[in-house]
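Engineer: take this sequence and fold it.
(4 chains)
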Amino acid sequence: MEFSYYPGCSLEGMNKAYDKSARLVSKTLGIGLTELNDWNCCGASAYMSIQELRAHLLSARNLAIAEREKKDLVVVCPACLTTLTKSNHYMGEDLKLRRTIASALKAANLQYLGTVKVRHLLEVLVNEIGEQEIKTKVTRPLTSLKVAPYYGCQFTRPFGEFDDKEFPVMLDTLLKWLGAEPVNFPLKAKCCGGMLMTTNEPVGLGLVRSLLDCATQNGAECIATICPLCHITLEAYQGNVNKKFATSFEMPTLYFTQLMGLAFGFSRKELGINEELISSKAVLARRVEAV
Amino acid sequence: MDLKSDFEPKIVGFLCRWCAYTGADLAGTSRIKYPPNVTPIRVMCSGRVDPVLVMKALASGADGVLIAGCHPGDCHYTNGNVKTIRRFKVLQKMLDQFGVERDRVRLEWVSASEGEKYARVVESMTENLRTLGPLNWNGKKEVSS
Amino acid sequence: MIGGIYRRDIYPPFSHLRAVIALSEERSERRAHALGNVFLHAVYSIPGGEKIKECIQCGTCSASCPTSYAMDYTPREIIAAFRAGLLERVLRSNTVWLCASCYYCTVRCPSGIKLTDIMYELKRLGVEFGLVQEGAVAPVLSKTFVDMVDKYGRVPEIPLMMTVLLKTNPLRILKMIPHGLKLFLRGRMPFLPHRISGISELQKCSGAMTDALVSGVHAGPVTGEET
Amino acid sequence: MAEKIGVYVCHCGTNIAQTVDCKSVVDYASGLPNVTVAREYQYMCSDPGQELIKKDIKELGLTRVVVASCSPLMHEPTFRRAVEEAGLNQFLFQMANIREQCSWISENKEMATERAKSIVGAAVKRVEFQEPLDVKKVPVNPNVLIVGGGITGIEAALQIADSGKKVYLVEKEPTIGGYMAQFDKTFPTLDCAACILTPKMVSVGQHPNIELLSYSDVTGFSGYVGNFTARIRRRAKYVEEEKCSGCGLCTEKCPVSVPSEFDCGLGKRKAIYRPFPQAVPNVPVIDRDRCLYFTKGVCKVCQKFCPRGAINFEQKETYADLQVGTAILATGFDLFDASKVKQYGYGRLPNVITSLEFERFSHASGPTGGKILLKNGQMPSNIAILHCIGSRDTNFNEYCSRVCCMYSMKIAHLAHEKTGARVYEFYIDLRAFGKGYEEFYKRILEEETIFIRGKAAEVTDVAQTSAERGKLIVVAEDTLLGIVRRIPVDMVVLSVGLEPRKDTTEIARIFSISRSQDGFFLERHPKLAPVSTASDGIFIAGACQGPKDIPDSVAQGAAAAANALSLIDRKEVTLEPTVAFIDEKSCSGCKICIGLCPYNAISFDESKEVSVVNDALCKGCGTCVAACPSGAIGQRNFTDDQLLAEVEAICA
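Structural biologist: So this is what the prediction gives:
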């Protein structure tokens, strides 16, 4: 199974461990990820807030390159997923937009016919690899590790093509295959605040607090994330939350790929598990054998 | 502006009385606007549309023919429209033989409640025929009934 | 920054109304009218934008919004303001820039309005017409983001945040030092932006798009497109 | 001899004249071959309009008439009658539709006028080829089939049976009564539903003219108006109706207890059961999938105890063919499945219930004996009622379900009365349009129900404050204040909307009727023929046509009954003579037509070696006509000549 792989800017920066673990588990499961050649930023929500057509152009260049490689595009960041998928949809539906973008691409001898499907790694793992394959690779089950499965906003919204828009279940399912125990986490698809942390911290902190509160109340020992921005927000702002609300959260956050890697028997170092701001060492020592 | 856009295609529409004709009426009742290029002929069932009628229309000067009936499975006469589908395939081959573009004859399903759909179908067909241009068919002699 | 590439420019331009907006007095009726007109048509021009005509003011958007509690006007009130011709005061408030793009309003709206997309359009209009809240950080962040993408093709998070803070609230940088240090020690703090090799290619495409739109040439069919 | 054609162009007030230059159409028609006279008039369908035609037929000796006005589906019968009254055969008339498919669809006067000319030209050319035809009269079978035994079907059945006609009432469930039997009280009068419904149910059960076929469904329907055959599948009850006295001993003794559908799964029933004590017929049925004998081969306790030997495990389903002249469909509705809207937590959060579940709680003979209780057995002290669940929502059903506002207020009243709880209603718009409804709204306001104008966005159990802990929190914008409110309550009632029944497609197919965009059955005309369908002799009533409350359903049931009775009292109906006919000389005997006919109307005459059409069976679809390789088959009033004339006129 071969895909073009789009890490996205976040994974080059503060979320290298996500990139590292994603590549590692994909390789283990026989998924070939070839990094998209000379990819550019998807534009995320910020670019879209200033320039509409050029934001679509950014997506279109990535999609055009992927089309040239004749492979579907796998992403790990839900924001990249939504941004790229949105351009894909809107260019498909709106003839004027499609033509405007196509003639712009032409200036660089690029073209995009609309054949690339953009997919999130989690969805590929669950739908394409499946329970059996994944379970056979589990050598160190995460028995009774209580995990809050956190999806954030843009994994299924607005398009919801592969999971429920309000209560997605894919991560829950995957965690169960690894032997872990996904806890009831009703806020699993709520907003973490994301970019608001930089632009309006007080509002953002309130959102992080309710997530941490909900995870704690439901007995979670760590939070599994599928989004680099959620991940950073949850781990980097816990201190500020504790300060502002006089709480004492100390909730480790781990990328879902790190948890998979652990279950597959990789070392903490290989998965970048020593790099998080709130150490997961104690939790993992308690639950996962021989880490 | 190019010349083609001045061309108003003439379309003969064979509409089944139960679904398509009622749907077309609904488009009117709902005051949906669409190009007035189709002149409707009411038949009881799309299954009544003999390919000869279609060829005759094209040979006599129509630029396109629309056949519209009930959705498959919804036919007022159980399955008349299924026979229409079969006949339509034959019709397409006839068009190929005469060198007439297949796009000039369309088979569409329009239920009695799909006024909006009927309008869209006529709109897109008219638009399409505007691009294709007038049908200059010299085949009048080949078709006689 | 290359200015003025908006989808609405593909549609009839509103240059005369823009002139009215630029010249008339703030809060004047003439200006409100022109603004309402331009903005409404701008919103109509985005995919599904005309759906706002069908808003039934039920408030699902507001109550689904994780940040509406902090907004001066709720998302629903944006559409009410549109209808009342009082949009300017909404744009000058904190409302649109508090949108975190969680898309709850979009997926739940019973009228099928893509409110998140409308928020984007209002942000764009706000920036273009200078109608943003005094001292708001979010527009600065977005603009900086755009500049960096245009320059490098990718966005390094740390330099982005640093630049934004320098422009808006330098004191906060000091507060962030402990965080930064932690990240740095864990090897998670790259400082140098990566410039993609196709950056000139990207700039060429942008340029071509601007030229086409400025000269008013509507794009025609392109190779490979189905007819 | 050349025909003398009269052409009449109608203005329809301004409906046509606004976009079609009628004068120019008249001028055009005057110039067409064989047109003797062409006139325009304000309203052709009015008496003076019709007089105009009649006068011309008599004075000018017209032999053909064309009226260019609205759709033939509207006024074809009107003009045919006028022509006939003037002594001309009604099939020598042709209608040109220049309103629905011409003036109303265009804003361009020039193009619309051209189009009108084309339509009129085609009609003029066609009418020349039309032939006088005799309409066939057939007797009407006075028996009526009614499908669905809810309040609508019950009303229709009683009206017809009381007039002395025979009614076959087919009901899918073991009992009639429908949804109304499940309700506690009814708005706006707060009558107890059972008190007003059960006497009617009993009347149905005892009426000598009503044959009730419960636990049955219609699997086939054929024939034509006045003479239909309905095929009914009678499912096995495993209880012989004639023997059963309805004593209930079997139910009492049955050891199997399963969730009761009638109680929305909140209460229990046995494997041999009646849905509720006042069921009609008062005969239990055995649920095959749950019965110990059928699943495990043991038990038979019911049989042992039955004093009348009515239990029969060998019973098989049977089929009955009923001869009827008309049919009324009163198949009702389904409730919207609230679990589809995940954010309200139905099925996930206990104490989020549907409105129907509330009715069962509130009902004196319901699972809690009329008490409104939470899952923990306590009484709620705060209740939220959420309007428009699944209705007025492009994600689900776009239409308004019409009944929810009112029943929500009824629920508010009952909840308040029975628990003393504080009741919140979350609404978008309040629709209290019926007689006495606005007054009821006032009454509910007086009871201090708290109305919050805002659609609830979600129901959550994630508390943000201590006051919210352990509660269900309804999040909605109070749009009158412009603030988002979080209201903690103990119980949430979802006011679910009404949907077309899941088997609507199937029923529509069986009866050859159409459905509207929303999926409900399509009426012939939304205002003027609300209970008729495009198929003569088949009527629709109640919520199968669209969401309706009880008063409206009953009114429609009675209306459909009146329609059926009117048809029956005509004693005979005329059939369109648009049947197929075969020219024996041209028929090659290939038999292709025989296999194509959906009604087995064509047979083969072995002695003459030609195919023959049976007029009584032919429905006039014309499929055989188009398929005949030797052109031997024609269709009356749709002959090749007539259609080709139209084609040529249009293309000329």
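Engineer: contacts and neighbour counts: CA atoms only from here.
Structural biologist: OK.
Engineer: who in chain D is up against chain C?
Structural biologist: For chain D, the residues in contact with chain C (Cα under 8 Å from any Cα of the partner chain) are D:392-395, D:428, D:453-458, D:475-479, D:482-485.
Engineer: which helix or which strand is home to the closest residue to chain A within chain B?
Structural biologist: Nearest residue of chain B to chain A: residue B:124, at 14.6 Å (Cα to the nearest Cα). Assessed by DSSP states H and E, residue B:124 sits inside helix B:115-132.
Engineer: for the residue of chain B closest to chain A, give its distance to residue D:427.
Structural biologist: 41 Å (Cα to Cα, to the nearest Å).
Engineer: and those two? Which one has more around it.
Structural biologist: residue D:427 (22 against 13; other Cα atoms under 10 Å in any protein chain shown).
Engineer: beta partners for the more buried one?
Structural biologist: residue D:453 (DSSP bridges).
Engineer: over to residue D:485?
Structural biologist: Assigned bridge partners for residue D:485, using DSSP bridges, are residue D:476.
Engineer: so it is in contact with residue D:475, correct?
Structural biologist: Yes - when contacts are counted by Cα atoms under 8 Å, residue D:485 is listed as touching residue D:475 (5.8 Å).
Engineer: joint contacts of these two?
Structural biologist: residue C:63 (Cα atoms under 8 Å, 6 or more residues apart in numbering or on different chains).
Engineer: more neighbours: which of these two?
Structural biologist: residue D:475 (24 against 19).
Engineer: neighbours around the residue nearest to that one when sequence neighbours are not counted, how many?
Structural biologist: In space, and not counting its chain neighbours, residue D:475 is closest to residue D:486: 4.6 Å by Cα to Cα, 6 or more residues apart in numbering or on different chains. For residue D:486, the count of nearby residues is 21 (other Cα under 10 Å).
Engineer: ok, now residue D:59?
Structural biologist: Residue D:59 has 9 nearby residues by other Cα under 10 Å.
Engineer: give me the buried positions along the one helix or strand it maps to.
Structural biologist: Residue D:59 belongs to helix D:47-60 when elements are defined using DSSP H and E. Buried residues in helix D:47-60, defined by neighbour count with 16 or more other Cα atoms under 10 Å in any protein chain shown: D:49-54, D:56-57.
Engineer: show me the contacts for the residue in chain B that chain C sits nearest to.
Structural biologist: Residue of chain B nearest chain C, by Cα to the nearest Cα: residue B:128 (9.7 Å). Applying Cα under 8 Å, 6+ apart to residue B:128 gives the contacts residue B:103.
Engineer: cool, and residue D:84?
Structural biologist: residue D:90.
Engineer: please apply the same query to residue C:90.
Structural biologist: Here residue C:90 is in contact with C:72-73, C:78, C:81 (criterion: Cα under 8 Å, 6+ apart).
Engineer: model confidence over whichever strand or helix holds it, on average?
Structural biologist: If you go by DSSP H and E, residue C:90 is part of helix C:87-91. Averaging pLDDT along helix C:87-91 yields 87.
Engineer: now do the buried residues in that helix.
Structural biologist: Buried positions in helix C:87-91, judged by neighbour count with 16+ other Cα under 10 Å: C:87-91.
Engineer: which one of those residues is nearest residue D:256?
Structural biologist: The closest of these to residue D:256 turns out to be residue C:90 (Cα to Cα; 64.0 Å).
Engineer: okay, the host helix or strand of residue D:26 in PDB with CA atoms only?
Structural biologist: Here residue D:26, judged by DSSP H and E, is contained in helix D:22-30. The C-alpha coordinates for helix D:22-30 follow below in PDB (Å, rounded to 0.1, in the frame of the first residue of the first chain):
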ATOM      1  CA  CYS D  22     -52.000  36.200 -26.900                       C
ATOM      2  CA  LYS D  23     -53.000  38.400 -29.800                       C
ATOM      3  CA  SER D  24     -50.000  37.300 -31.700                       C
ATOM      4  CA  VAL D  25     -50.800  33.600 -31.000                       C
ATOM      5  CA  VAL D  26     -54.300  34.100 -32.200                       C
ATOM      6  CA  ASP D  27     -53.000  35.700 -35.400                       C
ATOM      7  CA  TYR D  28     -50.700  32.900 -35.900                       C
ATOM      8  CA  ALA D  29     -53.400  30.300 -35.300                       C
ATOM      9  CA  SER D  30     -55.700  32.000 -37.700                       C
END
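Engineer: any part of it near chain B?
Structural biologist: No - on the criterion Cα under 8 Å from any Cα, helix D:22-30 is out of touch with chain B, staying 15.3 Å away.
Engineer: show residues contacting that helix.
Structural biologist: Residues contacting helix D:22-30 (Cα under 8 Å, 6+ apart): D:7-11, D:16, D:35-40, D:113, D:116-117, D:120-121.
Engineer: cutoff 10 Å now
Structural biologist: With Cα atoms under 10 Å, 6 or more residues apart in numbering or on different chains as the test, helix D:22-30 has contacts from D:5-11, D:16-17, D:35-41, D:68, D:113-118, D:120-121, D:124.
Engineer: so which of these belong to strands?
Structural biologist: D:5-10, D:35-41, D:68 (DSSP state E).
Engineer: now residue D:221, what's its secondary structure?
Structural biologist: strand (DSSP: H, G, I helix; E, B strand; the rest coil).
Engineer: residues in contact with the residue lying closest to it once chain neighbours are set aside?
Structural biologist: In space, and not counting its chain neighbours, residue D:221 is closest to residue D:230: 4.5 Å by Cα to Cα, 6+ apart. Residue D:230 makes contacts with D:145, D:218-223, D:320-324, D:327, D:510-511, as judged by Cα under 10 Å, 6+ apart.
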